[in-house]
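[1] Fold the following and give me the result.
(chains A and B)
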2 protein chains.
Amino acid sequence: MSNRGPVSFGLDDRGRRVARRGGGGLATALRGLAARHDVTWVASAMSDEDRAVAAEHAGEAIEQEAAGGPPFRLRLVACDAEAYDRYYNVVSNGTLWFLQHYLWGLAVEPDVGAAFRAAWTEGYERVNRVFADAVVDELDREPGAAVCFHDYHLYLAPAYVRDVRPSARLTHFVHVPWAQPDYWHVLPADVRRALHHGLCANDVVGFHTERWRRNFELCCEWLGAPGTRTVVNPIGVDAHELDALADDPLVLEEERRIASARPELLVVRVDRTELSKNIVRGFRAFALLLERHPELAGRVGMLALLDPSRQDLPVYGEYLRAAEEEARAVNERFGAGAWRPVDLQVADNFPQAIAAYKQFDVLLVNPIFDGMNLVAKEAPLVNRRDGVVVLSENAGAHEELGEWTLGVNPFDVEEQAAALYDGLTMPAPERRRRAVAIRAHVRRRDIAAWTDGQLAELDRPASTIRS
Amino acid sequence: MSNRGPVSFGLDDRGRRVARRGGGGLATALRGLAARHDVTWVASAMSDEDRAVAAEHAGEAIEQEAAGGPPFRLRLVACDAEAYDRYYNVVSNGTLWFLQHYLWGLAVEPDVGAAFRAAWTEGYERVNRVFADAVVDELDREPGAAVCFHDYHLYLAPAYVRDVRPSARLTHFVHVPWAQPDYWHVLPADVRRALHHGLCANDVVGFHTERWRRNFELCCEWLGAPGTRTVVNPIGVDAHELDALADDPLVLEEERRIASARPELLVVRVDRTELSKNIVRGFRAFALLLERHPELAGRVGMLALLDPSRQDLPVYGEYLRAAEEEARAVNERFGAGAWRPVDLQVADNFPQAIAAYKQFDVLLVNPIFDGMNLVAKEAPLVNRRDGVVVLSENAGAHEELGEWTLGVNPFDVEEQAAALYDGLTMPAPERRRRAVAIRAHVRRRDIAAWTDGQLAELDRPASTIRS
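    I've put the predicted structure just below:
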């Protein structure tokens, strides 16, 4: 169960229906799952064609092939567009995302009054009910099945299922940070209570880090939720797939382009244009590096690849404009001759991102808060230059990779500038030692290890889970 | 020890030096203290005349009379203006205040880089050292004296004193909320560590509420500070002084003015123009009340008395303008004939505030977060109409007064509008029951009770404190 499915349907240029692979780690994880289990995936019908598919099958699951993997059953649940908008844009991305990443300026935002209340009851509650109904339907077909919910869109569904199937095996995995109790107080009391109680209806709830797990346990205790078993199981990447991608002709072509234009030293960042990613402070840190180290003029560049995200929300548009403005300011202040210090590319170009991963000397991953951050794992895996990772202490990945990265406080631009410099000037043996260690860790704790962890929970007999 | 002293020196219109009583509860508390103890007050020299007094006495304490009370020793510590600005404006009010009230929009603020670092070492650390030196000097004069630090300006001084006087009796009282550990992570690791270690150098640290005390204990545990004994001792008001003020001719004159202009029902708020006070959402709630209840048109008004605060910080100026804009919008939308729904007064006018306290039917106290909020205690004490208090769940006062107020989530404008309505329409016996209970509590837990609590800690033998 996840809001976004592993495939989404669309029309090709001749108007024929095609299944497109969805983004994100879950789609990758599916293959490992489907190879060993009889999998039914329940997801929102997000595109027009998704809704058409759902309507044609009256909401029932269809047989679908995982790209390059075994088949699985796909069940697309469709809601009316207004309910979906309220659930997805207002509550999930407009409220829970902000809350769980500490993104609000509380003096002026949010207002959890009438509009939020309507989105909660007519959107979030309703769509979670639709998901729960689909689960119950599937459990009727296969009563022993284990149910695995994913992420902040579906905190209520477990409680709805538990109400009518008390002995169901329910697990949840939270992919975002868990905020501490005071910040949950922004929500109306009944709403924060319902979210925590919904999650506690699971037999086990998983997190990427001990830090987020501990915050959740604190919330249960301090907000009066019953609690449940929790586990830490950090998600990994598909090392084989990334190895193959690194040699893909499209990637090699992008890499030639980057290699021919790059200066001697290259700082890379790859992110969605997301408020939590700390893009503006990243450009300021790069400017400070150039200010502190004039000897780097002409020798270093920053390649920032930003995938446009949520641009229908005004605050995201403003944030992207602020980032573009900051990049322009750096170039105006420091650029000289042919040397343009910052190369900012706003596009959804996955081959270009992989090519940049291969080329970085320093990778900047400085989110304000981040559940995991997979860039910090993907990029070092395919990097060809023993590049150094500058990593925010508030990224989930820091709990695993911290000792081999240069850890930074994401609110400290000075420290980030110093870390960029330390990374760019680190002696080769030390760079190599760290790069080797990160690669070894990322290969060992790959997506299969994460899936295995999930399966180990699912494969427990129900009686040992529910205690 | 507190940054602001109980008196500050200035010049009268004939150029003669005069001592003016400082604002705030501490000055009031002083009288109770000075009546029973030999008190030396150490405070920053804030005005030019303060600095002149400090220079004339070479930093030594002077004998000073507490207004209407016994004399005490006043020691004004002076720093150069730049160090004081960094300590007071950058670190204390520009950083710690924002942190402890959860006020940042973290996507874009703050930057704790070079400017903050300079303010920390050249401002906060330095001024705290100057305070600590003054304490050590006074302890040399009176070795058995107990030392009582106040508030967020002086978190480091206790550790500096402890270093050189290991057996000194040190206490601290924190008047603001204590934020939870994730939010302290905004500060550089060494800074957040130093602040917590500084406080833990005290024998005991006091808070207004169990909630802030518990947050501090959590921070000590999760941020690796050693911890110390903590107590909850909510500050109260000077009931006798307020009773007297209520009949002061200046207050009576202001009250006549309010009474002659007021509509049938009056909502009152009295605040500094402070980001944490939630003034904008308060006007929105009042607008929503008028929208939901057109029968109140012409019958209800909101009197908002705002004392200008920190207007040298741009974000405070912006916030005041946003509040004024919101008030204007309410009047334009709902005003009709002689009826202007919102009367917004931006002025430092204490008699007017007391007069408004006497006149409210509903008092709106809706801060985002607030250590205590004394308006919630002062206003009901002198109110003459059994007015109802609408009180934020995140104000410290809510822990004491919650059961007799209408509690609201400060982020929920809808709920605040509903509470205003419930307050305005509450049957007289119920209003009376609540008003009587609040007054009784506030009289019982007055400033003397708080001072007694402080004294009880100070009067403990050092050996039982330091364990």
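[2] contacts, neighbours, all on C-alpha from now
    Noted.
[3] Any residue of stretch A:186-205 touching chain B?
    Yes: under the criterion of Cα under 8 Å from any Cα of the partner chain, chain B is reached by stretch A:186-205 at A:186-188.
[4] Tell me the residues of the stretch 151-300 of chain A that contact chain B?
    With Cα under 8 Å from any Cα as the criterion, the stretch 151-300 of chain A meets chain B at residues A:179-180, A:182, A:185-188, A:275-276, A:278, A:280-281.
[5] run the last query once more with 10 Å
    A:179-183, A:185-189, A:211, A:215, A:218, A:274-281, A:285 (Cα under 10 Å from any Cα of the partner chain).
[6] With the stretch 1-150 of chain A instead?
    A:101-117.
[7] What score does the closest residue to chain B within chain A have for pLDDT?
    Residue nearest to chain B within chain A: A:Gly105 (3.7 Å; Cα to the nearest Cα). Here the pLDDT value assigned to A:Gly105 is 95.
[8] same check, this time on the one 4 residues further on
    The score at A:Glu109 is 94. That number is its pLDDT.
[9] Quick one: list the elements packing against the biggest helix by length in chain A.
    The residue-count maximum for a helix in chain A (DSSP state H) belongs to helix A:314-334. In this structure, helix A:314-334 makes packing contacts with helix A:279-292, strand A:300-307, strand A:342-346, judged by 3 or more Cα pairs under 10 Å, 6 or more residues apart in numbering or on different chains; DSSP states H and E.
[10] tell me how far the ends of stretch A:144-160 are from each other?
    End-to-end span of stretch A:144-160 (Cα to Cα, to the nearest Å): 18 Å.
[11] backbone phi and psi for A:Trp120, please?
    phi -70, psi -50 (degrees, to the nearest 10).
[12] For it, give me its contacts.
    Contacts here follow Cα atoms under 10 Å, 6 or more residues apart in numbering or on different chains; on that basis A:Trp120 touches A:83, A:86-87, A:90-92, A:112, A:114, A:126-127, A:191.
[13] re earlier: could I get the average pLDDT for the longest helix of chain A?
    pLDDT averaged over helix A:314-334 gives 95.
[14] same deal with stretch A:428-437?
    For stretch A:428-437, the per-residue pLDDT averages 98.
[15] Please state the offset of it from the chain centre?
    Between the centre of stretch A:428-437 and the centre of its chain there are 27 Å (Cα atoms, centre = their mean, to the nearest Å).
[16] Likewise for stretch A:65-83?
    Stretch A:65-83 sits 19 Å away from the centroid of its parent chain (Cα atoms, centre = their mean).
[17] what comes up buried for that stretch?
    Neighbour counts using 16 or more other Cα atoms under 10 Å in any protein chain shown place A:65-67, A:70-79, A:83 of stretch A:65-83 among the buried residues.
[18] now do the same end-to-end measure for stretch A:343-357.
    15 Å.
[19] buried stuff in it?
    A:343-346, A:350-357.
[20] Per the annotation, how does chain A divide into domains?
    Listed by automatic domain parsing, the domain ranges of chain A are A:7-236+A:450-465, A:239-445.
[21] Can I get the ones you listed in CSV including distance to B:Ala440?
    Compiled in CSV, the domains of chain A are given as follows (distance: least, Cα to Cα, whole Å):
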stretch, distance to B:Ala440
domain A:7-236+A:450-465, 29
domain A:239-445, 46
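[22] Of those, which shows the lowest average pLDDT?
    Averaged per stretch, pLDDT over the domains of chain A is lowest on domain A:7-236+A:450-465, reaching a mean of 91.
[23] Near chain B, which residues of the stretch 351-467 of chain A are found?
    Proximity of the stretch 351-467 of chain A to chain B, by Cα under 10 Å from any Cα, involves residues A:367-369, A:393-394, A:408-417.
[24] Is A:Ala225 in a helix, a strand, or coil?
    coil (DSSP: H, G, I helix; E, B strand; the rest coil).
[25] in the helix or strand hosting A:Arg126, what counts as buried?
    Assigned by DSSP states H and E, A:Arg126 falls within helix A:125-141. By 16+ other Cα under 10 Å, the buried positions in helix A:125-141 come out as A:125-136, A:138-139.
[26] now swap in stretch A:263-274 and tell me
    Neighbour count says stretch A:263-274 has A:263, A:265-274 buried, by 16+ other Cα under 10 Å.
[27] ditto for stretch A:308-320
    Neighbour-count burial for stretch A:308-320, counted by 16+ other Cα under 10 Å, picks out A:308-309, A:316-317, A:319-320.
[28] just to revisit the earlier point, and which of the residues of stretch A:186-205 next to chain B is nearest B:Arg51?
    The shortest approach to B:Arg51 among these belongs to A:Val186, at 43.7 Å (Cα to Cα).
[29] coming back round to it: out of the residues of the stretch 151-300 of chain A next to chain B, which are buried?
    Neighbour-count burial (16+ other Cα under 10 Å) is assigned, among these, to A:179-183, A:185-188, A:211, A:215, A:218, A:274-281, A:285.
[30] part of a helix, is A:Met372?
    No: A:Met372: not assigned to a helix; according to three-state DSSP it is coil.
[31] picking that back up, in JSON lines: the buried residues of stretch A:343-357, plus distance to B:Ala259.
    Formatted as JSON lines, those follow (distance: Cα to Cα, whole Å):
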{"residue": "A:Asp343", "distance to B:Ala259": "65"}
{"residue": "A:Leu344", "distance to B:Ala259": "62"}
{"residue": "A:Gln345", "distance to B:Ala259": "63"}
{"residue": "A:Val346", "distance to B:Ala259": "61"}
{"residue": "A:Phe350", "distance to B:Ala259": "69"}
{"residue": "A:Pro351", "distance to B:Ala259": "72"}
{"residue": "A:Gln352", "distance to B:Ala259": "71"}
{"residue": "A:Ala353", "distance to B:Ala259": "69"}
{"residue": "A:Ile354", "distance to B:Ala259": "72"}
{"residue": "A:Ala355", "distance to B:Ala259": "74"}
{"residue": "A:Ala356", "distance to B:Ala259": "71"}
{"residue": "A:Tyr357", "distance to B:Ala259": "71"}
